[in-house]
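**Student:** need a structure here:
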Amino acid sequence: QQQQQQQQQQQQQDNAIISMFDRFDQNRTGYITKSSLRQALTKLLGRSFRKDDLESILKIVDNSSYKEVSFEEFLDVWFWIEDGLLATTATTTATTVNKTK
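**Tutor:** Numbering: from 1, shown residues only. Okay, the predicted model is just below:
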């Protein structure tokens, strides 16, 4: 019973993540732009991000071209949010994560 509830909660969370990404993937390319990521983070966290903060996040998660974020890269950001790593400033987070790489 408890395992089934956990699976349902996980499925709901997975659907929420996909929906959030799809909402900001306006061109349906499988990528979201920097400005779309900024909007998504603002919605998720309830605060705006400075351009420098966003650039720091992108340096870490955007493995391709530093211009767009794939769904997988968006998941990395989502998990940081869940773990509370983006609750502080993104610049601090980026510095900490870069030091551990």
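**Student:** Lowest-scoring secondary structure element of the protein by mean pLDDT?
**Tutor:** The weakest-scoring helix or strand in the chain, judged by mean pLDDT, DSSP states H and E, is helix 90-100 (a mean of 43).
**Student:** give the contact list for the residue nearest in space to the middle of the chain.
**Tutor:** The chain has residue 77 as the residue nearest its centroid, 2.9 Å off, counting by Cα atoms, centre = their mean. By Cβ atoms under 8 Å, 6 or more residues apart in numbering, the residues touching residue 77 are 37, 41, 57, 61, 69, 86. Quick note: C-beta positions are derived from backbone N, CA and C, even for glycine.
**Student:** if you set the cut-off to 7 Å instead, what comes out?
**Tutor:** 57, 61 (Cβ atoms under 7 Å, 6 or more residues apart in numbering).
**Student:** So it versus residue 8, what's the distance?
**Tutor:** According to Cβ to Cβ, to the nearest Å, residue 77 stands 24 Å off from residue 8.
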